[in-house]
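In: With the input below, show me the fold.
(chains A and B)
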Amino acid sequence: MIDFLQMIISGIAVGSSYALMALGMVLIYKASEVPNFVQGEMALLPVFIAYMIIHSYGQSVFAAFFGALAFAMLLGCLLEFIVVRRAKNPNILGLIIITIGLEMVLLGFVSWKFGADQRVMPFPISSYSSVMFGGVYISILDLLTLVAALVIMTGLFFFFRFSKLGVAMKATQQNETAARLMGIRTNRVKMITWGISATVGTVAGLLLAPVFMEPYMMWDPMLKGFAAAVIGGMTSLPGAVFGAYIVGIVEHLFGGYVSMEYKAVVAFAVIVLVLCVKPSGLFARHYVKKV
Amino acid sequence: MKNTLLGLLLCAALVTGFAGAANAEVGVTDTEIHIGQWSPQTGPAAPWGAVARGTDAYFKWINANGGIHGRKLIHHYFDDAYNPAKTIAGVKQLQEQTGMFAWASGVGTACGLAVKDYLMENRIPWVGPSSGSRHWVDPPQKYLFNVYPLYLGDAQLLTEYAITEMGKKKIAVVYQEDDYGKQGLEGARYMLKKHDMELAEAVPVAITDTDMRPHAMRLRQAEADTVLLFVTPGHVARVLGTAKAMKYEPQWMSTTTCGDFPLMIAITKGLYEGVITASFGMMDPTGNVGEVENINNPKHELMAKYKKEVFEQFAAEDERWGYTFTAGIGFVEPLVEAIRRAGRDLTREKVVAELEKMENFQGIMGRINYGPFDPQDPHCRIGQQEIFLQQCTADGASKILTEWETTKFIPKSE
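Out: The predicted structure follows:
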């Protein structure tokens, strides 16, 4: 029983970082209707910037993290403004290719600028500290990630429900032409959405970096975040978080009771299963666009 | 008559010219010897790219000191990103367009396997693949000379030490799901069987895994008192961190691949203290058991010389002096020595003959021995079979635990 509980807790712990990546992906999908494969690298570059601020400029961890989040906001906005917006009459496939291209450019830049050496980010909390409940443990860093994921999800939920910008974002996603006719500057809304998405992803990156940092560190969380977002329905914020915890828990139960060899791919088997049962994802509200 | 004479002279000149060309060795000119190498400078295995940069600095140092018999070593290394498809393309391009005399080192078992047949069919010497895989010697190939001690041997010595010197009873292995990990697992099982013991747990790790919680949990469930890690340095850091958070702290052991203590102590935030690894050189354990040495301040005479003359003068500014960089020198020392011994009249066959005569050759690694080619005997191409154990101290130095120990080769069928 202890082992089972440990697997559930560990699954929730790892699911929290997937949840943050999934939230970032859902935000962009809601605004631009594109699965964003540069999500991981939009977090990677700010994380390395934070590392540089600490090591090259001798600033505190808090200053570096604040700088990284601000940089992420700017980076997301710039990517939308300089690259995505310039695409002429883009279809979904074209936009996906653009995000994959951006992913390669940013990954190449980080590898070139910072090198391939492994490193760890300084952090106020030791990544090895943990709390035990009976025989079940959870690390303090995992707890912090869990809290961050839930707070950001709740914050985004209220942002979309009650803020003017959030409502404008929803309107842009549902009917861009009508939104523009209502006076919403849809391009600006999309740009800010990319910025917020990069910032949310960067929170995940900053919470992963104290354990391990290298240029490929965001690849696995991005893929699992994508899996979670698909399971949740791509447009639902609670769905993305729920999907992330499903992925994390299933991975751990599968690794513990079935096979460690196939643990890494079980998330994608879950996607197939969910999409067979509910093609639009678990939490998506199906609506039909009028033509 | 005059025209006939001219024609004859022309024919003679052409015949002589072609004959000369036919005798000249590919990749060798009056002033140059061209040597190829692949290495990941980008991609997930990029930290191992320092191997090729170590070789490059070493060749530059040799050239600055007059080269070998009046010829400079021209080093052609390319980035294959640890992708075998790129390794094949790059090797063929360099071999067929530029012409390499020989190939040196080359990171990665899969990348090496992708080009092994091509190099062997074309009778091109390849010395010191940068991985300890049994594939290089079983079956042996005439033109392929291994240097890196096999992972099978690392596992044997670590397991033996845990059982006999430390009295450990429950040994587990965390292994990468490829040749590197699987041969480590095989070596550990071989030694446990000799002691009538069973493996406590075998935990596979996919190269893409970043979450080590399930792996650490399996080890804790098995109550293993010793864990051998045949994974990348990054995975080692994650496993140690996760286990520490679970308050599970067995005796960790690992391979030569994770023997760069200054790096490991940094990326594990000090958790690597006390970890025991195999080592293939960079310090001399003979008569020094119990001594503490730091690779950044080497006592080994040749290492100190390389640090001062090769690293400080020819390495890039942001290069790090470490195990991987120096391994790039160690893996090619036998090739350089064989070229030197072959003399001015350099051919591939002469280099192979000189390598086969090599007995107890020692540079910065252990002793290297080859023998006349025997397709039934892997020992004729195995190179280095001796390793020693070292333990990481709090500041990333190495406490030497054993003398050089010769490990047993385990054939595929055994």
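In: and whichever residue of chain B sits closest to chain A, how many residues sit next to it?
Out: Using C-beta to the nearest C-beta, the single residue of chain B nearest to chain A is residue B:46, 3.0 Å away. Yep, even glycine has a C-beta here, placed from its N, CA and C like the rest. Residue B:46 is flanked by 23 other residues according to other C-beta atoms under 10 Å in any protein chain shown.
In: ditto for the one 10 residues further on
Out: Residue crowding around residue B:56 was assessed by other C-beta under 10 Å; the count is 22.
In: Kindly report the same for the one 3 residues further on.
Out: Using other C-beta under 10 Å as the criterion, residue B:59 is surrounded by 25 other residues.
In: coming back round to it: so the residue of chain B closest to chain A sits against residue B:39, correct?
Out: No - look at residue B:46 against residue B:39 with C-beta atoms under 8 Å: they stay out of range, at 9.1 Å.
In: For chain A, tell me whether stretch B:160-172 is touching it.
Out: No - Stretch B:160-172 stays out of contact with chain A when judged by C-beta under 8 Å from any C-beta of the partner chain, the minimum separation being 12.6 Å.
In: Let me see the mean pLDDT of that stretch.
Out: Mean per-residue pLDDT for stretch B:160-172: 96.
In: hmm, who's touching it?
Out: Here stretch B:160-172 makes contact (C-beta atoms under 8 Å, 6 or more residues apart in numbering or on different chains) with B:159, B:188, B:191-192, B:195, B:197, B:199-203, B:219, B:222-228, B:250-251, B:253, B:276, B:389, B:401-402.
In: And the residue nearest the centre of chain B, how close does it get to residue A:95?
Out: Of all residues in chain B, the one closest to the mean position by C-alpha atoms, centre = their mean is residue B:130, 3.2 Å from it. Applying C-beta to C-beta, to the nearest Å, the value for residue B:130 to residue A:95 is 41 Å.
In: Show me which helix runs longest in chain A.
Out: Using DSSP state H, we find that the single longest helix of chain A is helix A:2-32.
In: secondary structure element for the closest residue to chain B within chain A?
Out: Nearest to chain B, among the residues of chain A, is residue A:116, at 3.0 Å (C-beta to the nearest C-beta). Using DSSP states H and E, residue A:116 maps to neither a helix nor a strand.
In: Near it, how many other residues are there?
Out: Residue A:116: 21 surrounding residues under other C-beta under 10 Å.
In: Identify the residues contacting it.
Out: Contacts for residue A:116 (C-beta under 8 Å, 6+ apart) come out as A:214, A:215, B:41, B:42, B:46, B:47, B:49.
In: Dihedrals phi and psi, it?
Out: For residue A:116, the backbone dihedrals are phi -90, psi 0 (criterion: degrees, to the nearest 10).
In: So it versus residue B:281, what's the distance?
Out: Residue A:116 sits 24 Å away from residue B:281, going by C-beta to C-beta.
In: and if you look at residue B:345?
Out: According to C-beta to C-beta, residue B:345 stands 32 Å off from residue B:281.
In: again, but for residue B:347
Out: Distance, residue B:347 to residue B:281, using C-beta to C-beta: 30 Å.
In: Neighbour count for the two, which is higher?
Out: A count of neighbours by other C-beta under 10 Å puts residue B:281 above the other of residue B:347 and residue B:281, at 27 against 16.
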